[in-house]
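Student: coordinates only, sequence not included:
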């Protein structure tokens, strides 16, 4: 997994909302970003609505990236960042709820890392 961002939206056309302080950190931590505009809207809706804090959303992105890396999740199965937020998938990766997955040796079913 690389932390490169491949967004289809021109970054100059996206206006930062005042409430967003750590959006870039979220994007860089998240393993897949296709549409920066939709991601920013979903992120800001959660922050402005008081649903979640920026600290927690950044931690969720880092935890999800870690889980994808450990599970060796193919890129096509990684949720786009906007859907991760809109569908509340992030809730499984909140600090305190997230459980680091055990790494499985391919074909043997044995844990090698926890």
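Tutor: Perfect, thanks for sending it. Values in this document were obtained by computation on a predicted structure and should not be read as measured data. Residues are numbered from 1 along each chain as shown.
Student: what's the spacing between the closest residue to residue 52 other than its chain neighbours and residue 95?
Tutor: Leaving aside its chain neighbours, residue 52 sits nearest to residue 46 (4.9 Å; criterion: C-beta to C-beta, 6 or more residues apart in numbering). In short, each C-beta sits where N, CA and C put it, glycine included. For residue 46, the distance to residue 95 (C-beta to C-beta, to the nearest Å) stands at 15 Å.
Student: Those two: who's more crowded?
Tutor: Comparing residue 46 with residue 95 by other C-beta atoms under 10 Å, the one with more neighbours is residue 46, at 19 against 11.
Student: Helices of the chain, start to end?
Tutor: 23-29, 36-48, 54-71, 81-86 (DSSP state H).
Student: got the buried residues for the shortest one?
Tutor: Using 16 or more other C-beta atoms under 10 Å as the test for burial, helix 81-86 gives 81, 82, 84, 85, 86.
Student: Now that we have those residues, can you turn them into CSV and tack on distance to residue 30 and pLDDT?
Tutor: Putting the buried residues of helix 81-86 into CSV (distance: C-beta to C-beta, whole Å; pLDDT from 0 to 100) gives the following:
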residue, distance to residue 30, pLDDT
81, 5, 96
82, 10, 96
84, 7, 97
85, 10, 97
86, 14, 97
